[in-house]
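turn this into a model:
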Amino acid sequence: MRKMIGIVGEGPTDYMVIKEVIDHITGEANEYRRLQPEPDMAGRFGNGWKGVWKWCETNSGVLDKVLHEVTPQIDLLVIQMDADVSRKEREVHCLCGSVGCEAREVSHPLRCAKVTEGQCPVILPCSMHVQDAGGYEEHLRELIRQWLGICANNEDVLITIPCDSTDAWIVAAYQDCDDVEKIENPWESVIAR
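Numbers count the residues shown, from 1 in each chain. Okay, the predicted model is just below:
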């Protein structure tokens, strides 16, 4: 049965890949609404992983309305963030407890002056998270749930974390590679070659 699917993702290419994957899995030509990034890419939240974070936090209090009271009604909300964010970005580790930082009590990680000034005390790889695709995925999945204010069993929301980026899904579809989920930077290390 054809569904209305809302997608919150890092970029327009991710949106296109996610649509194709869902249609392939379901065997249907579903209908889609790109909620994030917005079509002009400079919209209210910006693009990339920071835009996903901002969208989730901003809409957490109205998530039920987003899913059930807009027209057309959204049957499924897909939230996508690449696992490489956990591997590379200090801000997503700010609140995990692996670091003591007085700034985290007074400043949102995305607006922290310590990050912009290059003085963030977060050390990567983070000692609190397993440094592999599964650990990165679990870390980001829990963060997204926290940002959205949802429990783990919300059936209207699908959180998808590609093992490094959606580029890994392209590699998996077109290359005969072992352990595709362990490839870091799949665009540079496989696709571009």
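
show me where this protein has helices.
Using DSSP state H, the helices of the chain run over residues 12-26, 48-59, 63-68, 84-88, 113-116, 133-148, 166-174, 186.

buried ones in stretch 147-165?
147-148, 150, 157, 159-165 (16 or more other Cβ atoms under 10 Å). Placement of C-beta: from N, CA and C, glycine included.

make a markdown table out of these and add distance to residue 49 and pLDDT.
A markdown table is the format used below for those (distance: Cβ to Cβ, whole Å; pLDDT from 0 to 100):
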| residue | distance to residue 49 | pLDDT |
| --- | --- | --- |
| 147 | 11 | 92 |
| 148 | 15 | 92 |
| 150 | 19 | 81 |
| 157 | 17 | 94 |
| 159 | 13 | 95 |
| 160 | 13 | 92 |
| 161 | 11 | 90 |
| 162 | 12 | 82 |
| 163 | 15 | 77 |
| 164 | 13 | 69 |
| 165 | 10 | 68 |
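
from the residues you listed, which ones fall inside strands?
Counting by DSSP state E, the part of those found in strands is 157, 159-160.

tell me which of the residues you listed is nearest to residue 25?
residue 160 (11.4 Å; Cβ to Cβ).

what's near enough to touch the closest residue to that closest one other than its chain neighbours?
Nearest residue to residue 160, sequence neighbours excluded (Cβ to Cβ, 6 or more residues apart in numbering): residue 80, at 5.0 Å. By Cβ atoms under 8 Å, 6 or more residues apart in numbering, the residues touching residue 80 are 7-10, 14, 18, 52, 160-162, 166.

swap the cut-off to 6 Å and go again
Residue 80 sits next to 9, 14, 18, 160 when contact means Cβ atoms under 6 Å, 6 or more residues apart in numbering.

identify the farthest-apart pair in the buried residues of stretch 147-165.
Most distant of the buried residues of stretch 147-165, by Cβ to Cβ, are 150 and 164, 24.8 Å apart.

show the model's pLDDT score for residue 146.
pLDDT for residue 146: 91.
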